[in-house]
Structure formats: structure tokens, C-alpha cells
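K.L.:
Let me see the structure of the following:
(3 chains)
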Amino acid sequence: MRLNQYQGQNQVQSPMTSAHIAQTMTLLYMTSTELLQTIDVELSKNPALELVNERRCPMCGRKLPPQGPCPICSQPKSLDPDETIVFVSPRDDFYNYSGSGKSYSDDMPEDPYSSTPLNLPTYVLRQVAPELEKDEREIAAMILTNLDDDGFLAIEVREICRFHHTTPSKVEAILKKIQRCDPLGVSARNIKEALLAQVEFLSESSIVPEFVRRAISEDFELLQKRHYSELAKKLGTSVQKIKLVSHYISENLNPFPARANWGTFRQPNDNTPDVFHQPDILIYYLDNKPGNPLIIEIITPSRGTLRLNPLFKKALKEQSEEKQEEWKKDLDKASLLIKCIQQRNNTMRQLMEKIVEVQKSFIIHGDVHLEPLTRAEVAENLDVHESTISRAVANKTIQLPNRKIIPMSTFFDRSLSVRAIMRNIIENENHAMNDTEIRKILEKQGIQVARRTVAKYRAMEGILPAHLRRIEKFATA
DNA sequence: CTATGGCACGGATT
DNA sequence: AATCCGTGCCATAG
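P.N.:
Okay, here's the model as predicted:
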């Protein structure tokens, strides 16, 4: 077994065990929110683990003030825009964001969240209020105060009816209206409902590929399980089409309405509350001024410092032999967890350093500038195993300087930039170009793709074929 | 006959 | 080992 795959700076000294490897992998795979839960669980069942009320920098170990990241590790040395600071930031309050509207900004004016401390219920209520009668507003308020972290309705419609002495149909009508408000799909009862609300809305202003709606409403189960062939049969279409449908959904729709700024269709404005669901990594300019150095903040959950409980250690020595054995197990588990969390932070930091090095232009200037990058490349560069990178990237989300939250895997999307360029070409075309022509233009720009591929990219972007665009864009004379 | 979409294969990626 | 993605070939619609 390759053990050197976990070597980095801050190397843990003790020998690697297979348990260590297994746990590092599992932790790496988790988002910061999940990691927090894991830590809580461990704390509650392992007496050897202790949380002390003292914050330390996960990178350098210095003691920290009660708020914010390490002032030394997180500060750039200069205002040189070429400089990039990557640091691990211990956040002790991020899990309180959902619904509560708690603002991180109180002591940190330059914090990226600081703009609007508006909470989700208020934000949405303001939007629907004008459309509602007085009594309806109260129902809306009840709905909005009963949303869960992801923006789903966490209460039965029946209960709302009982409370307000009204009928389900009336409540449903209000729900429908709320779902059309800004975090599109908010107050849905499940993912399916949220997605449908979004499709509904999108289809009014843009073209939604066929079968998207039906796939969600009729066979969402199959879609989730990725049983594409079965789904294709049921809807009477090809597997190919279904894959595109699936792709469209993952690119354009947000299954969790309260995870703000997810995906591309939602354009955040100044009044948009930024964070209801925490991304794992934040990228922003120093002081939020474009042109300043980029700051990469890797969030790690912590409400203090995790350490081995000294009292437990002491008590261990006073135990009988057989009990010692048992206690020792807890102790080992605890120290393992601590080491693994360090390892996780370390890997995430190295990964981000590499990503920013390659994709800085994409982060600043957008889709067109995404460089081709594979996980394998990064893995080789950092001298870790490929699967380590895969796990580190999976399920993580990143907030870009423009406040959009994107999946981390976007940095490894092979076709994103080509698709963006292709979109531009088609937008600026002065006659409806067919796929072969588009292919030629791309080739002129140094991008070699097959004609067939152009067709696929078009489909992914929901762009119609040439003969139909001709009718849409260029009124036939 | 031309433009597009379906299927299937192979190589890369996870 | 399983899945994803680009591409070639062929069918079909226009």
C-alpha cells in the first residue's frame, strides 16, 4: 500500500495505520457541515476527546482571538494582485446561518458576508407580501418561519390549516406564490417540488429542454438513481436525451433552494442575502476590491480546539488492566480523529493552492477562461493518490468573488470553457450557423472538436439547432 | 442532399 | 470496476 500519499507539510508523526487512511478518506469526503456533525457525534460518545474554549490556527497553531481566522496566516504580505493567500479558517458560527440570519460581520467589517444581514423569511416575505391579502400574509409568515436549512417546508400543511382555520387549497395557493420568489422553489416540500417550481419559472423566459419537466414530475425516483435506460423507456425517448436532461438539471437547477446563489440561472444582486447554506470554501478579493490579492478561505468547523482530555489520560493510569485496554481504544480513536482533521485541512489547502494557481483567470474572468485540469494532474503534482483528490473535490462547494456558489468539480470541467466560447459565437452570429460552421470557427480559435461534439454542447446549453434558430432569431423575410 | 440526432465504442476519469 | 465523455458511423427528417 502506498503510504506516502498523505505526506505533506505539517506531517503527523505517528505511523500510519489502515484506520488512519480509512478515516482520512472519509473526512476528506465530507463537507464542512458534515464534518461538524461528525465531530459533535465523536465528542458526545468519546470521553477521551475534549473541546477546550481556546481557538488555535489550524495551520500554524497560534492562539487566536475569539473571532475570525488567524490574522497572520490570512494576511497577504503586500497588495500585489498576483499574490494569493490560501488559508484554513476556523469558523465557529457558520452552522447557525440557516434561517436565523445571524451575521458574521459584527466584528469583521471586511467579511464577505457583511453586505445584507437579511434573513431568509424576511427576504422572501418582502417579495410576496404585495401579492397577498392581510390574512394570507400571516399564513405566509408561518410557512416561512418553518423552513429547514435547505429551504424546505418543515411543517405539514394540515397543521397550518388547523392553526389558521383555513383550507389546504388556500395554503397551497400561497405556497405556490412563495415558491416563485427569489430563492426559487423555497418552501417546497421536497426536492422534486423545488425543481418543478424552478422549471416552471425558467420555462417562461428561456427554453427548457424537453423531457426535463416530465422526468422530474413523473419519474423523479429513477432520475435520482440514475437509471437512465429505464427512464428513457418510460418516457419514450433515448438514453442520450435523458443524460442531457440530467446534465441540464444539475447545471441549471438547485435542489436546495436555500443554498443561495447555486448554479448559474440565479443572478444575485445587492439585496440578495448571500449565505443560507455555507459553502466549503470562499474566494474573494482582499477588502472585496477587485484588483486586490485573492483570498481563499477554506472553512473548517470549530468552536474551540479539539484535544485529548488530560483528565481522561490521568484517569486511565488508575484503571485496572482490562479497563485500561478499553480506555486506550477511546484514546487512540480520539487522537486519530484529531490527526485526520489536520490532514484534511492540509490536503484541502494544498489542493486549493494548486487550483488557484491554474484557474486564477477563471475565478476572476469567468467561464471562458477555465483551463483544462484533471484530478490526476493535481494528484501527481501534490504527490498524493488520485482518489484523495477525487474525495477532496466531491460534494464541496465554492463561493467565487462574484458571490456565485459553484460545485468544486467545475474546476475540472473539460468542456465548460469551450461551451462558453460556443455560446458567445452563437450569440453574436449574424446568420444561424449549423454545427459544421461552428466547428470551423472553434477550430480557428485553436479548439479542435468534432462536429458531433458541437451538437452535444448545444444540447447541453439548451440551444436550438440552426434551422430552428433561424426562425427564432432571424425573422424570415 | 444536408443537418441533426441516436447508438455504440474506446479511452479517460473517478 | 464503474462511469463519463468525445467521437465515428449510420439513420432519418427536412
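K.L.:
Tell me how far residue A:390 lies from residue A:29.
P.N.:
As judged by CB to CB, to the nearest Å, residue A:390 and residue A:29 stand 9 Å apart. Bear in mind the C-beta positions are built from the backbone N, C-alpha and C, glycine included.
K.L.:
can you tell me which helix in chain A is longest?
P.N.:
Ranked by residue count under DSSP state H, the longest helix found in chain A is helix A:321-365.
K.L.:
and that helix, anywhere near DNA strand B?
P.N.:
No - judged by CB under 7 Å from any atom of the strand, helix A:321-365 stays clear of DNA strand B, getting no closer than 12.8 Å.
K.L.:
Stretch A:239-246 too?
P.N.:
Yes - applying CB under 7 Å from any atom of the strand, one finds stretch A:239-246 touching DNA strand B at A:239, A:240, A:241.
K.L.:
likewise stretch A:464-477?
P.N.:
Yes - using CB under 7 Å from any atom of the strand, stretch A:464-477 reaches DNA strand B at A:465, A:466, A:467.
K.L.:
quick check: mean pLDDT across the longest helix of chain A?
P.N.:
Computed over helix A:321-365, the mean pLDDT rounds to 91.
K.L.:
which is the next helix or strand following it?
P.N.:
Next along the chain after helix A:321-365, taking DSSP states H and E as the criterion, comes helix A:375-382.
K.L.:
Now tell me what touches that next one from outside.
P.N.:
A:8, A:347, A:350-351, A:354-355, A:385-386, A:388-390, A:393, A:412 (CB atoms under 8 Å, 6 or more residues apart in numbering).
K.L.:
Please indicate which of these are buried?
P.N.:
Those of those that meet the buried threshold are A:8, A:347, A:350, A:351, A:354, A:355, A:385, A:388, A:389, A:390, A:393, A:412, by 16 or more other CB atoms under 10 Å.
K.L.:
Which single one of those is nearest to DNA strand C?
P.N.:
Closest approach to DNA strand C among the buried ones among the contacts of helix A:375-382 (CB to the nearest atom of the strand): residue A:412, at 9.3 Å.
K.L.:
Name the nearest residue to residue A:281, ignoring sequence neighbours.
P.N.:
Excluding its sequence neighbours, the residue lying closest to residue A:281 (CB to CB, 6 or more residues apart in numbering) is residue A:398, at 4.5 Å.
K.L.:
Check what pLDDT that neighbour gets.
P.N.:
pLDDT at residue A:398 comes out at 86.
K.L.:
from the buried ones among the contacts of helix A:375-382, which is closest to residue A:162?
P.N.:
Minimum distance to residue A:162 across those is 46.4 Å, recorded for residue A:393 (CB to CB).
K.L.:
Give me the phi and psi for the closest one.
P.N.:
phi -90, psi -30 (degrees, to the nearest 10).
K.L.:
isn't it right next to residue A:412, touching?
P.N.:
Yes - with contact taken as CB atoms under 8 Å, residue A:393 and residue A:412 are classed as touching, separated by 6.9 Å.
K.L.:
thinking again about what came up before, mind checking which of the residues of stretch A:239-246 next to DNA strand B land in strands?
P.N.:
Secondary structure from DSSP state E places none of the residues of stretch A:239-246 next to DNA strand B in strands.
K.L.:
Could you dump those residues into a markdown table and include distance to residue A:24?
P.N.:
Converted to a markdown table, these look like this (distance: CB to CB, whole Å):
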| residue | distance to residue A:24 |
| --- | --- |
| A:239 | 37 |
| A:240 | 39 |
| A:241 | 40 |
